[in-house]
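Q: Pasting the sequence and the predicted coordinates here, then a few questions.
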Amino acid sequence: MRNGQTIGPVVKRKLCTGCGTCAGICPRGAIEMVLKKGRYVARLDKERCNRCGLCHDACPGHGVDFEMLGDTLFGDIPEDTAVGRYLGCYVGHAMDKGVRYSSASGGIVSALLVYALQEGLIDGALVTRMRRDDPLTPEPFIARTREEILSASGSKYCPVAANTALQAILDGKDRIAAVGLPCHIQGLRKAEQRIPKLAQQIRYHISLACSLNFSFLGTARFLQNLGIAPNRVAVLQYRGQGWPGSVLIRLKDGRRRTVPCGECYRQLGPYLLRRCTLCSDMLGELSDLTCGDAWVPQIMRTDRAGSSFVVSRTPAAEELLESAASQQAVELSDLELEDLLTSQGHALFKKRKLKARLRLFRLAGQSVPVYRQKLLTPVRADYLSTIKLYAVRFALSGNHRLLRRLFRLVRPRKGRPVKVGSQLAEIAVQP
């Protein structure tokens, strides 16, 4: 038996991102992703494990060396603290009106995947859809047809262990485009350092911009507030129907309910995932391509069908974009970096507030991930907003002891001490 580290301590220290990388690459099938308090965590079968260390090496939960991976993947290309290394910035959308309307932000990821598949650039795509037999549960899979790719369009505001599908890639020889959140891309890139075959098979790494994600408990409460029992749901689509879009719920009796996305965000807010709040990477800095909502003022004023920003980081990504645009699969135009940063302000806030969050966690005796990358220096307001961020979360979880410790570390200058209790549910969540 070898003596490598396992993901066991990562889970115990509450640093598991739930990305599924460890389960997807374990050569002995000793890891599975299980639900715990509304989120996915890795569970290790110690009897099957031979302590090869592969799972720990690929795990993004305990830390990511962005500087080393950036040097290895991208070399000496321009870098921005919020965006990471990049070659180009664009704004665009799918040319297919149906794809654009039914997707989260212009359908550009779906359009690029369909184009790459039809042109023979890839044999399939790692994407996620909601299960047909269990519409509240996400299903990562390898899509091999246009229809399967489009079945996965749209955001999923719930935990997704996307990288559990890596085993299906390793079992074959197909060329794959992998789509995931920044944590999925981090795990994939770390796994590729240990598994050369995986690096050869993944042709494109496409990241979806992510500020925070929410537990399954949030979706359950959202449905409860609508008076809908989970077993009555036939289809749940978190985003679509134009931009900014609506949540679509189709019931088994044929009736439909739609709720504006803004209202959905408000109700999901208190159920943000703890580990997500300790992430430094909103824009998928280790991806070939990053896509997300184009919150650009001049676009928002007139666009109701949806548009996406696109950040390219590799020549292969640039070639894909140029080819897809030339064949009118997508429409693209240049986007100034300043406009991108304005539209994705949380990327800067995340890099600035993270130091405050990490410090408070350490002072409270909690484990934190280790990142090797540039972060910004927080201001006093960042510490106060951090307290507000966790207030609702800890109040709902009943973890009042830790919350009191945090409040003792950073107190407002004026006013009476904040009571820990049901009142905390009224504090606004700031990402």
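A: Okay, I see it. Numbering: from 1, shown residues only.
Q: which residues of the stretch 251-400 of the chain fall in strands?
A: 256-260, 289-293, 308-312, 330-334, 370-371 (DSSP state E, counting those that start in this stretch).
Q: Spatially central residue in the protein, please.
A: With distances taken as CA atoms, centre = their mean, the residue of the chain nearest its centroid is residue 181 (3.1 Å).
Q: Could you measure from the residue nearest to it when sequence neighbours are not counted over to residue 255?
A: For residue 181, ignoring the flanking residues on the chain, the nearest one in space by CB to CB, 6 or more residues apart in numbering is residue 210 at 4.5 Å. C-beta: built from backbone N, CA, C; applies to glycine. Residue 210 sits 32 Å away from residue 255, going by CB to CB, to the nearest Å.
Q: Which of these two has more residues huddled nearby?
A: residue 210 (22 against 11; other CB atoms under 10 Å).
Q: Could you pull up phi and psi at that one?
A: phi -150, psi 120 (degrees, to the nearest 10).
Q: That one: what's it in contact with?
A: 181-183, 276, 279, 282, 284 (CB atoms under 8 Å, 6 or more residues apart in numbering).
Q: Residue 212 sits in which helix or strand?
A: Using DSSP states H and E, residue 212 is not contained in any helix or strand.
Q: Need the contact partners of the helix or strand that contains residue 179.
A: Using DSSP H and E, the element containing residue 179 is strand 176-180. Contacts to strand 176-180, defined as CB under 8 Å, 6+ apart, come from residues 19, 109, 112-113, 116, 122-128, 142, 152, 160, 162-163, 169, 184-185, 188, 201-208.
Q: picking that back up, distance check, the residue nearest to residue 181 against residue 350.
A: 10 Å.
Q: what's the weakest-modelled helix or strand in this protein?
A: helix 400-409 (a mean of 54; mean pLDDT, DSSP states H and E).
Q: Mind exporting the C-alpha coordinates of stretch 354-372 to CSV?
A: Provided in CSV are the C-alpha atoms of stretch 354-372 (Å, rounded to 0.1, in the frame of the first residue of the first chain):
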residue,chain,number,x,y,z
LEU,A,354,-11.3,36.9,-0.2
LYS,A,355,-8.4,38.0,2.0
ALA,A,356,-10.9,39.3,4.6
ARG,A,357,-12.9,36.0,4.5
LEU,A,358,-9.8,33.9,4.8
ARG,A,359,-8.5,35.9,7.7
LEU,A,360,-11.7,35.7,9.6
PHE,A,361,-12.0,32.0,9.0
ARG,A,362,-8.5,31.5,10.3
LEU,A,363,-9.1,33.6,13.4
ALA,A,364,-12.3,31.6,14.0
GLY,A,365,-10.2,28.4,13.9
GLN,A,366,-11.5,27.2,10.5
SER,A,367,-9.5,25.7,7.7
VAL,A,368,-9.1,27.6,4.4
PRO,A,369,-7.8,26.7,1.0
VAL,A,370,-4.3,27.8,-0.1
TYR,A,371,-4.1,29.8,-3.4
ARG,A,372,-0.9,31.0,-5.1
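Q: Return the residues in contact with residue 341.
A: The neighbours of residue 341, taking CB under 8 Å, 6+ apart as the test, are 80, 82-83, 347-348.
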